[in-house]
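**Q** predicted model, plus sequence, below.
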Amino acid sequence: MIAIPLLMLAMYLVHIGVSTTVDPRADFYLCLPRCQDGFDAITEQYDLDTNVFLRPFSYFGGLFSGEGLGQSTSVGDPVSEVMRTRAWNTAMVAVPAFLIGVVLSLLLSVYSARRQYSIGDYTFTGLSFLGFAMPSFVLALILQVVFAVKFEQWTGLKPFNTGRKTGENFLQLARDVTLPAVSLAILGIAADSRFGRSSMLETLNQDYIRTARAKGLSERTVVWKHALRNALIPLVTLWALGFSVLLSGAVVTESIFSWPGLGQVFLRALGDADLDLLMAIVMFTGVLTVMFNLVADVLYGVLDPRIRLS
Amino acid sequence: MTTPLLTVDNLNVGFATKAGIVQAATEISFQITPGEVLAVVGESGSGKSVTALALMRLHPGNTVITGDVMFEGRDLLKMGDAEMRSVRGREIAMIFQDPMTAMNPVFSVGDQIVETIRVHDRTVSKSEAWTRSVDLLEMVGVPEPKRRAAQYPHEYSGGMRQRAMIAMAIANEPKLLIADEPTTALDVTVQAQVMEVLQKVREETGSAMMLITHDLGLVAGSADRVQVMYASRLMETATVDEIFYESKNPYTRALLESIPDVDGTKTELHPIPGNPPSLLNTPVGCAFRPRCSMAVEECAKSTPVLTNIRGQHSSRCHRVDDLAPLEAWSS
Amino acid sequence: MTTLDPDPDVDEALDDAAAARALSDAEGLSDKPKSFGRLAWERFLGHRLALVGAIGLLVLVALFWIAPMFSEFEFDERDVRNRRLGPTAEHWFGTDEIGRDLFVRTAQGGRYSMRIGLIAALVATTFGTLMGTLAGFFGKAWDVLVNNLVNLILTVPAIIVLSVFANKFGASALGLALVLAALLWTRIARVVRGVILSIKEQEYVMAARAAGASNSRIMFRHLLPNVVGAIAVEITLLVGSVIVLESTLSFLGLGVKPPNASLGTLVADAKGDIDSDPLRVLTPGIFIVLIVLCVNFLGDGLRDALDPRAKVADNQNSKKAKRAAKKAAKELQRTAPTMGVGDTTVVGAHARNIVSDRNDEESGGRP
């Protein structure tokens, strides 16, 4: 399949892109020639003398020969270490966000389609219009203002932390994770449920739904078995593809809620010109996205027997 | 006279749209006795499908239905949802026009037949139902029924799909089968086969059939009685012989005349001039008047009533008595 | 030379025809087809949301471009003694932590967002249309090339790849707009390609080919009008996306640099005071939402104006239709006893009355 060589090409271009836009020696230009040694050390470490188009080869060469991902200059630990802990933290928010997104967008899609033109439907339609217009950071801040700041002022309670990972036990984590996860999930729900609603409506208009009713099936069976099974097909691929959006969102959410995940450390690496960490993060997210795209393709074939190759 | 299986009395079906009320079926009254085949003939938009969907209560949400539909003593239009559901698929079954879109593409054909069986009889086990569905597929002439049952609708050919639909419809041995243009979406060669299958299953199950079609050729071969609809109204109802040889309605006659003569010498085609009227604001008088070669002043003033001519033969026309006997019409 | 004497019969016939046409016009059943553009314009105007969006945008434009002329402050004018003020008569939106007038800065941010939205949309549309046309129309190698290029660009999640490039190029408005366009052209290309592919195979194109039309003629007369319709909607969505992405990047510190303001940076500046002054944090965000909402409403109106088929299903299921059905059923029940022989349904009788009121002789002839 073409996905693999394409991925390799993407990684190659990513390395070039990152190398050209980030200069770890940025601070050093002003103090030359005093700090020539430091300057040279960095040049040495990141192969900055070699042609930018050739650097990826030495990078990936080193990667596979066991040199590892390098050292993070912004965090101070080996990149692999940083990636491990941070990715785990991000997953702690992203996975619940994903699950919430799937469940809620599914329920909303079915509800909106069945109760078309009801007040609930109009409300959700209006809300999703709002959702399309709202940047994730605005939403996250609204949630923070309402649930963290104001809630405390009004009720004296602090049910959710304003982020920051405070504890290790499950209950505390649940408290910490709630706001960031919801914030991450909501905008996706708005988009997915609009799509799911129209997919569901289209499905409910199909002839085979009429046949199902003509067979004497209950409305519940017709909707949840016959209709949903068809309407779900494009929706599932949307969920799988939405993963990449989730990663994007994590950058913003983690910044606002001070959550120690990949997104937060990505911004730091960008600011500090931490080349190795930056490369690792961008590569990681790229690979994950491609993987989930493949999953989406496979799922489509699994769910729709018409697509399966004979 | 045997007690009728289905009695439709003064059925009116209208759709409420933003533009107004579209009267799709007006004053429809007819009966079907057990085991007989009633053909409902008409152009598109005449109201024939609408009638069938209305009595099955499969109509869309904005429909206004009045009248009585008595099936074995029970009024279908007035019964509760749960009761209606037990009638559908078990006592009255329906076959639709386009078998490709009428079956759910993500379930296997066998599964869909099994579902029909099990929803009406919870005591049947899955394996029993599966065996039965394979048997049904065999009965309707699907080759390699065991293998085919596990396949999906898109893997069937058009004719096979319709056979599978028929199998699904007769799974619970319904007393009435409604076939809504069962052959329209199929090739001509396949049409005959499907009609044969319908004939066969009717013989096996003894069910009556309401055959909805615009194809008079189908009618000649399969029906006992015929009713002709135009612009939401019944125009004529009679036995099949009476319709073909002794029609007392200008519309029916025009329909008969418009059938191209395949055997004879090449003559001009005689289509009916004009178009069917809008059902949105039904005009005064007979709906067929603008296209009728026998129209008189009376026809513009009032709508003719369905008058009984003889026995079961009725016609809706002001000039029923003026119609000369038809020349022998050979099919 | 013969002259035509005025023929009273002909005159009467013409009068009848004119009357019939006036009648059918009144019912919207004109036999003269209105041009596609005219129809689209009428549909657009009838679309309430679109009008709201258009008016909203006009208001915002006035607010961002014209209103600041009435304020005496500059966007970078500091007045540290008057910092962190709430709204006052002089500082309509109050001041920030170093005393700059927030209204003027908000207006600057608004102008910045809209400007970038337009530039990025323009570039993305041009490039995207080109690529989409190449892929869709010429197919084969071009299609493979463009498709893979799109997949390549979409490999890394949006914010991440945008951040990397905005970090270097994002300081200037043009740079940021180009970075955004470099990512977003893919959407336009996809839509254009899809439209062209679906139309290419349609029969009327084949008919045109059979009649001997050249490639470019086919492209311009048949394909482009449909493409324009499809991308008009996509463009409005694109502008919205650009504004959202730009503000996000600016919020993260990767866009416009101080002392210039973007709605995103204004939010970032205010974030520190979120506990004491949450309104200051949320106001620029609300403006972003307003701008994008208006643009999206416009897009919705455009979509409905250009593709009326989408609304057909509405007719059957709308609440209005259901209510009308209930009402009609009640009517029928109420008046049933008065039905006479030859009188059909109440509905039909009602219709008959309407028709006879209009003195329409020609019955049944109207299609």
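**A** Good, I have the coordinates.
**Q** and the helix or strand containing residue A:129, how far from the chain's centre?
**A** Under the criterion of DSSP states H and E, residue A:129 resides in helix A:119-133. Relative to the centre of its chain, helix A:119-133 is centred 23 Å away, using C-alpha atoms, centre = their mean, to the nearest Å.
**Q** packing partners for whatever helix or strand comes next after it?
**A** Next in sequence after helix A:119-133, counting helices and strands by DSSP H and E, comes helix A:136-143. Helices and strands in packing contact with helix A:136-143 are listed as helix A:170-204, helix A:228-257, helix C:224-251, helix C:263-271, helix C:278-306; criterion 3 or more C-beta pairs under 8 Å, 6 or more residues apart in numbering or on different chains; DSSP states H and E. Just so you know, the C-beta spots here come from the backbone N, C-alpha and C atoms, and that holds for glycine as well.
**Q** check whether the first one comes near chain B.
**A** What that stands for is helix A:170-204. No: residues of helix A:170-204 are not located near chain B by C-beta under 8 Å from any C-beta of the partner chain, the shortest gap being 9.9 Å.
**Q** what residues of that helix count as buried?
**A** Within helix A:170-204, the residues that qualify as buried are A:176-201, A:203-204, counting by 16 or more other C-beta atoms under 10 Å in any protein chain shown.
**Q** just list the residues touching residue C:192, thanks.
**A** Residue C:192 is in contact with C:128, C:129, C:131, C:132, C:133, C:136, C:227, C:230, C:231, counting by C-beta atoms under 8 Å, 6 or more residues apart in numbering or on different chains.
**Q** chain B: which of those residues is nearest?
**A** Set against chain B, the nearest of the contacts of residue C:192 by C-beta to the nearest C-beta is residue C:230 (26.3 Å).
**Q** for that closest one, which non-adjacent residue is spatially closest?
**A** For residue C:230, ignoring the flanking residues on the chain, the nearest one in space by C-beta to C-beta, 6 or more residues apart in numbering or on different chains is residue C:195 at 4.6 Å.
**Q** any regions of the stretch 101-250 of chain A where pLDDT drops low?
**A** Across the stretch 101-250 of chain A, residues meeting the criterion (pLDDT under 70) sit at A:151-168.
**Q** let me know the helix or strand that the residue in the stretch 1-150 of chain C that chain A sits nearest to is in.
**A** With distances taken as C-beta to the nearest C-beta, the stretch 1-150 of chain C approaches chain A most closely at residue C:148, which sits 6.2 Å away. Remark: residue C:148 resides in helix C:140-153, with elements defined by DSSP H and E.
**Q** how about the residues of the stretch 1-150 of chain B near chain A?
**A** Residues of the stretch 1-150 of chain B lying close to chain A (C-beta under 8 Å from any C-beta) are B:56, B:58, B:85-90, B:93-94, B:96, B:98, B:101-107, B:115-116, B:119-120.
**Q** in strands only, show me these.
**A** Secondary structure of these is defined by DSSP state E; positions in strands are B:93, B:94.
**Q** so how do I select the buried members of the residues of the stretch 1-150 of chain B next to chain A in ChimeraX?
**A** Of the residues of the stretch 1-150 of chain B next to chain A, the buried ones can be selected in ChimeraX as follows, counting by 16+ other C-beta under 10 Å:
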select /B:56,58,85,87,88,89,90,93,94,96,98,101,102,103,104,105,106,107,115,116,119,120
